[in-house]
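>>> Quick one: sequence plus predicted model below, questions after.
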Amino acid sequence: MKCAASKPSSRASIERISRDILRIPTLVKRNRDHLDFHEVAVWDVRDALKEAYLAGRAAGLKDLADPGKDLVGTLDGTICADEPSFKRFRAALRKAGVP
């Protein structure tokens, strides 16, 4: 399964944050040191990380708030590496009569 950052909306958020907060015009590799390496203040890195966290949280909350969305299916897509299996959880829900 792909990480959330591979979604087009996530990429757009990351590019906006890098451009607006870190003042990095593009995240495309250009093979020139003066274009690919940037000096960035720690407070800008902090602000960019906070903005990225809030954007990801808001995106996740939108998915979870959708009443037609399978909650367990949504949780399945939230972790990239070593993604847990929710088979036992799904079985317990079915046993309890939850669709």
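Cool, the structure landed.
>>> Tell me the buried residues in stretch 17-27?
For stretch 17-27, the neighbour count (16 or more other Cβ atoms under 10 Å) marks 17-18, 21-22, 24 as buried. Placement of C-beta: from N, CA and C, glycine included.
>>> what mean pLDDT would you report for that stretch?
Per-residue pLDDT over stretch 17-27 has a mean of 94.
>>> outside of that stretch, which residues touch it?
Applying Cβ atoms under 8 Å, 6 or more residues apart in numbering, the contact partners of stretch 17-27 are 14-15, 38, 40, 44-45, 47-48, 51-52, 55.
>>> Alpha carbons only: can I get that stretch in PDB?
Provided in PDB are the C-alpha atoms of stretch 17-27 (Å, rounded to 0.1, in the frame of the first residue of the first chain):
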ATOM      1  CA  ILE A  17       4.700  24.200   2.700                       C
ATOM      2  CA  SER A  18       8.200  24.000   1.200                       C
ATOM      3  CA  ARG A  19       7.500  27.100  -1.000                       C
ATOM      4  CA  ASP A  20       5.700  29.300   1.500                       C
ATOM      5  CA  ILE A  21       7.400  28.400   4.800                       C
ATOM      6  CA  LEU A  22      10.800  27.200   3.800                       C
ATOM      7  CA  ARG A  23      11.100  29.400   0.700                       C
ATOM      8  CA  ILE A  24      12.200  26.500  -1.400                       C
ATOM      9  CA  PRO A  25      10.700  27.100  -4.900                       C
ATOM     10  CA  THR A  26      10.600  23.500  -6.000                       C
ATOM     11  CA  LEU A  27      11.300  20.000  -4.700                       C
END
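>>> So for stretch 42-50, mean pLDDT?
94.
>>> neighbouring contacts of it?
Here stretch 42-50 has contacts from 17-18, 21-23, using Cβ under 8 Å, 6+ apart.
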